[in-house]
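Student: need a structure here:
(one chain, ligands or ions: 1)
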Amino acid sequence: KDWISFSHMSVDRSIFPFDSWFSCEHRALRLSRLELNDDSSRFPQGIYSVRKTIARFLSVARGVKCFPEQIVLGGGTQFLFYLLRHLFQENSLYAMENPGYRRMYESLKMESLRLKTIPLDNKGISIDLLKQMNPNVVYVTPSHQFPSGVVMPISRRIQLLNWAAEKDDRYIIEDDYDSEFKYESDTIPSLQGLDSYERVIYLGTFSKSLLPGLRISYMILPQQLLKRYREKCSFIMSTSNALGQLTLQQFIDSGEYRKHIKHMKQVYIERQKKLIETLKKRFDSAITMHGANAGLHFTAEFDTPRTIDEIAERAHAAKIELYNLKPYCLEDHYLYSKPAFILGFANLSVDKIEEGVERLYHAIFE
Ligand SMILES: Cc1ncc(COP(=O)(O)O)c(/C=N/[C@@H](CCC(=O)O)COc2ccccc2)c1O
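Tutor: Modelled structure (predicted):
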């Protein structure tokens with residue numbers, strides 16, 4: 001029998017519009033020869049016309065307010081963070097959500113930065129604990145908290161912005177990952193768009209909405225940090241592939257990107273609905289789901305005597321790709337009362353859901 005994937009780390013290649021991507025690449029090669037063979041040292045922040053397209057798209061899609069000059073393109077969110085950390089004061093204290101994005105946690109540790117992790121409540125990062133820990137820089141994923149799935153409501157966003165505005169050396173890194181897919185309510189405006197004190201650095205990526213292999217991510221710097229970036233980092237050449245950038249620009253400007261997101265949303269809403277119905281029918285009160293009103297995954301706790309490791313082993317034996325939440329519970333605080341797993345549906349076609357849930361039930365209860 002074939003593998004069935006609940007992975008949150010892959011998108012379904014079958015719905016990516018390769019043909020229109022190729023024609024955009026062809027057009028980019030035809031129209032933008034100049035930028036391609038020009039030395040990219042002129043574009044440490046990425047090609048200007050591409051940044052213009054991204055700034056325009058973000059203002060419509062996420063209420064982000066920025067000039068193309070504030071955008072820095074890079075080959076991955078982590079690389080952009082390695083640049084960003086040099087713009088803050090040397091001995092800054094960093095804070096991030098727990099459970100949280102382990103790769104960012106490891107990046108912070110690798111740079112041996114002072115770091116505290118802050119538990120979530122039902123609105124996202126705990127503002128009371130944030131005030132107690134009093135960091136200079138806080139990293140948050142408000143659109144669909146990674147990995148818990150909590151969507152930070154406007155009220156908590158305002159609290160966070162007010163906290164940052166209280167002192168000069170306070171910043172919020174808003175990683176707007178997974179912001180393309182919002183289901184129940186309308187999209188909530190980004191922190192960056194609500195920020196009137198220039199405290200928010202906005203991180204974005206095309207890994208989820210397009211392809212992770214594209215490696216086109218971006219950060220938007222408030223003016224003061226942009227000035228520091230230009231003083232300290234402008235010798236660093238762009239790490240974002242020029243042809244990928246120019247193809248992306250064609251893909252967005254031609255309306256293909258908006259069309260693709262709309263199509264992905266329809267596909268994913270159908271899958272998510274069917275998956276949740278099937279899980280409820282099969283597991284009844286033994287399952288508790290969280291964070292399902294956005295993104296391409298949600299989390300589920302199972303009321304079972306079995307341990308996470310036993311379930312992981314049985315899932316592998318039953319050929320289901322399943323990730324648990326332990327790696328994202330930082331500093332060894334397991335923050336769930338029962339075995340908890342990430343249920344992704346980006347790579348789970350509707351016709352595999354029944355079988356996938358059946359195998360999951362077998363791995364957990366039989
Ligand atoms: C919170 C957060 N912020 C940014 C990124 C993206 O980083 P970038 O690609 O460098 O721009 C990820 C990637 N998260 C990774 C999964 C989480 C993990 O590592 O376990 C990759 O996620 C996906 C990639 C493609 C399709 C679906 C998911 C992030 O989880």
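
Student: and the residue lying closest to Lys131 once chain neighbours are set aside, how far is that from Val267?
Tutor: Nearest residue to Lys131, sequence neighbours excluded (Cβ to Cβ, 6 or more residues apart in numbering): Trp163, at 6.6 Å. In this view, the C-beta of every residue, glycine as well, is placed from N, C-alpha and C. Separation of Trp163 from Val267 (Cβ to Cβ, to the nearest Å) stands at 38 Å.

Student: right, and the residue nearest to Lys131 touches Leu130 too?
Tutor: Yes: taking contacts as Cβ atoms under 8 Å, Trp163 lies within contact range of Leu130: 6.5 Å.

Student: Compare these two (neighbour count), which wins?
Tutor: Between Trp163 and Leu130, Leu130 has the larger neighbour count (other Cβ atoms under 10 Å), namely 20 against 17.

Student: Same question for stretch 284-297: list its buried residues.
Tutor: Across stretch 284-297, burial judged by 16 or more other Cβ atoms under 10 Å covers Ala286, Ile287, Met289, His290, Gly291, Ala292, Ala294, Gly295, Leu296, His297.

Student: can you narrow those residues to ones near the ligand?
Tutor: Applying Cβ under 6 Å from any ligand atom, the subset of the buried residues of stretch 284-297 adjacent to the ligand is empty.

Student: between the residues you listed, which is nearest Glu366?
Tutor: Glu366 lies nearest to Ala286 out of the buried residues of stretch 284-297, by Cβ to Cβ, at 12.4 Å.

Student: Might one say that that closest one is in contact with Thr304?
Tutor: Yes: using Cβ under 8 Å, Ala286 makes contact with Thr304 at a distance of 6.8 Å.

Student: shared neighbours, those two?
Tutor: Jointly contacting Ala286 and Thr304 under the rule Cβ atoms under 8 Å, 6 or more residues apart in numbering are Ile364, Phe365.

Student: mind checking the longest strand of the chain?
Tutor: Across the chain, the longest stretch assigned as strand under DSSP state E is strand 114-121.

Student: From the contact counts, what lies against that strand?
Tutor: Helices and strands touching strand 114-121, by 3 or more Cβ pairs under 8 Å, 6 or more residues apart in numbering; DSSP states H and E, are strand 93-98, helix 102-110, helix 127-133.

Student: if I look at the residue nearest to Lys338 when sequence neighbours are not counted, how far off is Leu248?
Tutor: Nearest residue to Lys338, sequence neighbours excluded (Cβ to Cβ, 6+ apart): Glu301, at 4.4 Å. Computed as Cβ to Cβ, the Glu301 to Leu248 distance reads 38 Å.

Student: Same check on Lys116?
Tutor: 36 Å.

Student: need the contact list for Glu25.
Tutor: Taking Cβ under 8 Å, 6+ apart, we find Glu25 in contact with Leu243, Thr247, Gln250.

Student: Can you pull the phi/psi pair for Tyr139?
Tutor: In terms of degrees, to the nearest 10, the main-chain angles of Tyr139 are phi -100, psi 120.

Student: Test of understanding: give the bridge partners of it.
Tutor: Met96, Ile173 (DSSP bridges).

Student: That one and Asn98 touch, don't they?
Tutor: No: look at Tyr139 against Asn98 with Cβ under 8 Å: they stay out of range, at 11.1 Å.
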